[in-house]
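In: only the shape, not the letters, is given here:
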């Protein structure tokens, strides 16, 4: 008989908990009055988490953008260096030919081929 009464009390307790939750009386003003500091700390921690996540995402996007820029700049550097090395080799060769007085000079027009046509 005692176990039946306990089961009824526990069932009634869960019903009252459910009813209190449905009627909005589960969290009373006493709960907030006693735990205001913990709730405030929880809210601050949640806001800090959201802020850190946003900053991390924006910085990751900036890193991706700068990485793409770096790849473009490195490619341009390689191209310009290649062009510079080509010009310095050409001018060094021209100076060597001039000092040896061979009478050679750089052609202004590219060479072309003549072909013989048979008639």
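Out: Yes, it's here. These figures come from a predicted structure and were not determined experimentally.
In: show me the contact partners of stretch 32-52.
Out: Outside stretch 32-52, not one residue touches it by C-beta atoms under 8 Å, 6 or more residues apart in numbering. Heads up, the C-betas are built off the backbone N, CA and C, glycines and all.
In: quick check: buried residues in that stretch?
Out: Neighbour counts over stretch 32-52 (16 or more other C-beta atoms under 10 Å) mark no residue as buried.
In: average pLDDT for the helix of greatest length in the chain, rounded please.
Out: When the chain is parsed with DSSP state H, its longest helix is helix 36-100. Confidence for helix 36-100, expressed as mean pLDDT, is 92.
In: quick one: mean pLDDT over the helix or strand hosting residue 20.
Out: Taking DSSP states H and E as the definition, one finds residue 20 inside helix 2-22. Helix 2-22 shows a mean pLDDT of 61.
In: what about residue 20, neighbour count?
Out: Neighbourhood size, residue 20 [other C-beta atoms under 10 Å]: 13.
In: what separation is there between the residue nearest to it when sequence neighbours are not counted and residue 32?
Out: Leaving out its chain neighbours, the residue that sits closest to residue 20 by C-beta to C-beta, 6 or more residues apart in numbering is residue 26, at 4.8 Å. Computed as C-beta to C-beta, to the nearest Å, the residue 26 to residue 32 distance reads 12 Å.
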